[in-house]
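> below is the sequence, then the predicted model.
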Amino acid sequence: MSKQFYGGQAVIEGVMMRGRKAMSIAVRNAQGTIVIHEEPLTAKIYTRKWGQWPFVRGLALLWDALGLGMRALMWSADVAMQEDDAEEEVEFSGPVAWTTIATSLAFAVAIFFLVPTMASRWFAGFFEHNPYLDAVAEGGIRLILFVVYLWAISLLPDIRRVFAYHGAEHKAINAYEDGARLTVDNVQKYSVQHVRCGTSFLLYVLVISILLFAPLTFAWIEYPWLALLLRFVTRLLLVPLVAAISYEIIRFSANHAENPLMRLLIAPGLLLQRITTRPPEDSMVECAIAALLPVLAADGIEGVPPAQPGQTDEDAASTPHAYGEAVAD
């Protein structure tokens, strides 16, 4: 069995974590209570052996972003906005949720696929539609849009809180992978950056797409509208392949992070994480730990109960396993 890497993402006022067998979301509601939702991972890409095959396992990360990640965001928003302690079950899906997901995907496709494709074709017109310049321009425009988008949303106060939870997620995973006890004081000692971060993954996707899309400019087609359509369709169809290759590269580089060449490969992603992560508050780290513990337990790994801010490691060791302030959804 291949080594299990744990990962997750920040959500509204909380953190989602995923392991081999389960996912867990811990969100702090308006009353200050951490609400936890757990569910087994039943999709075949998680449960079957072929889901761990090289290049196939990268598709699980893509599924996380499109499926689990978006649903977790919707659920966390519902919990964070609850105004009382009513124990009514929070909906995790539904028409509104899936409409929101579809709208978000349409926006992403328009901004990061359609706009660069159209703009690069216009740019290449000044150079007799040189296919290589066309491909580089498309990738460069897409990369610039991505960085500018991240920078722009990082200016919003609510997004800065999400980015702080992102930092808490990284700290918790860094602490676990280093063998540290999962207490707030311990976790806070670790970096907000992580070599397998989704931000780094997306950066790899953008760079690799330049290479894979380069032969597919369709500059030889006489009808501009047909060339544009073919470029757009082929890029969408190749997204799974780009994601699969990107995941294997980021996984390999993370496993060999001490190699100087790998450190150079990792560096741009870590630099970009300066935009998408913030130092978290202790309460945010509590959420990250609360999300990670059920995932570890589902995989048969016993964790240490999360600690209150200022609690010592000795106090945490004597704390009952059930987190008194958390409630299961």
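Everything's here; your move.
> check which helices and strands the lengthiest helix in the chain sits against.
Among the segments of the chain that qualify as a helix by DSSP state H, the longest is helix 224-255. Packing contacts for helix 224-255, counted by 3 or more Cβ pairs under 8 Å, 6 or more residues apart in numbering; DSSP states H and E, involve helix 57-63, helix 115-124, helix 198-213, helix 260-276. Backbone N, C-alpha and C define where each C-beta goes, glycine included.
> and if we set it to 10 Å?
For helix 224-255, the elements it packs on are helix 57-63, helix 95-109, helix 115-124, helix 131-153, helix 198-213, helix 260-276, judged by 3 or more Cβ pairs under 10 Å, 6 or more residues apart in numbering; DSSP states H and E.
> which one of the ones you listed lies nearest to Arg71?
When these are compared by Cβ to Cβ, helix 95-109 sits nearest Arg71, at 6.6 Å.
> mean confidence (pLDDT) on the helix or strand where Cys287 lies, please.
Here Cys287 sits within helix 282-298, counting by DSSP states H and E. For helix 282-298, the mean per-residue pLDDT is 95.
> number the residues from 199 up from this point.
Yep, numbering from 199; the last one is helix 480-496 now.
> in that helix, what counts as buried?
Buried residues in helix 480-496, counted by 16 or more other Cβ atoms under 10 Å: 480, 482-496.
> could you do stretch 412-426 as well?
Residues 414-417, 425-426 are the ones in stretch 412-426 that count as buried (16+ other Cβ under 10 Å).
> okay, it in PDB with CA atoms only?
The C-alpha trace of stretch 412-426 is given here as PDB (Å, rounded to 0.1, in the frame of the first residue of the first chain):
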ATOM      1  CA  ALA A 412       1.800  24.300 -27.400                       C
ATOM      2  CA  PRO A 413       1.200  21.900 -30.400                       C
ATOM      3  CA  LEU A 414      -2.500  22.600 -30.200                       C
ATOM      4  CA  THR A 415      -2.900  26.100 -31.400                       C
ATOM      5  CA  PHE A 416      -4.600  25.100 -34.600                       C
ATOM      6  CA  ALA A 417      -3.000  28.100 -36.400                       C
ATOM      7  CA  TRP A 418      -3.200  26.200 -39.700                       C
ATOM      8  CA  ILE A 419      -7.000  26.200 -39.700                       C
ATOM      9  CA  GLU A 420      -8.500  28.700 -42.100                       C
ATOM     10  CA  TYR A 421     -11.600  29.600 -40.100                       C
ATOM     11  CA  PRO A 422     -10.700  31.600 -36.900                       C
ATOM     12  CA  TRP A 423     -13.900  30.600 -35.100                       C
ATOM     13  CA  LEU A 424     -13.200  26.900 -35.700                       C
ATOM     14  CA  ALA A 425      -9.600  27.200 -34.500                       C
ATOM     15  CA  LEU A 426     -10.800  29.000 -31.400                       C
END
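> chain center to that stretch: distance?
Here stretch 412-426 is found 33 Å from its chain centre; the criterion is Cα atoms, centre = their mean, to the nearest Å.
> list the contacts of it.
312, 315-316, 318-319, 322-323, 326-337, 427-429, 431-433, 436 (Cβ atoms under 10 Å, 6 or more residues apart in numbering).
> buried subset of those residues?
315, 318-319, 322, 327, 329, 331-337, 429, 433.
> and of those residues, the nearest to Leu404?
Leu404 lies nearest to Gly337 out of those, by Cβ to Cβ, at 6.7 Å.
> residues contacting that closest one?
For Gly337, the contact set (Cβ under 10 Å, 6+ apart) comprises 314, 318, 404-412.
> 7 Å instead, please
Each residue near Gly337 by Cβ atoms under 7 Å, 6 or more residues apart in numbering is listed here: 404, 407-408.
> so where's this protein uncertain?
Residues of the chain meeting the criterion pLDDT under 70: 199-202, 242-243, 245, 249, 259, 262-263, 281-296, 298-299, 326-327, 500-527.
> residue nearest the centroid of this protein?
Nearest residue to the geometric centre of the chain (Cα atoms, centre = their mean): Gly396, 4.0 Å.
> from memory that residue sits against Gln207, does it?
Yes. Counting by Cβ atoms under 7 Å, Gln207 is a contact partner of Gly396 at 6.4 Å.
> residue farthest from the centroid of this protein?
Centroid-distance maximum for the chain: Glu420 at 40.3 Å, with Cα atoms, centre = their mean.
> quick check: phi and psi at that one.
Here is the backbone geometry of Glu420 (degrees, to the nearest 10): phi -70, psi -40.
> what does Met221 give?
phi -130, psi 160.
> OK, contacts around it?
Met221 makes contact with 214-215, 237, 239, 266, 493, according to Cβ under 7 Å, 6+ apart.
> generate a PyMOL selection restricted to the buried entries among the contacts of Gly337.
This is the PyMOL syntax for the buried subset of these, where burial follows 16+ other Cβ under 10 Å:
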select buried, resi 404+407+408
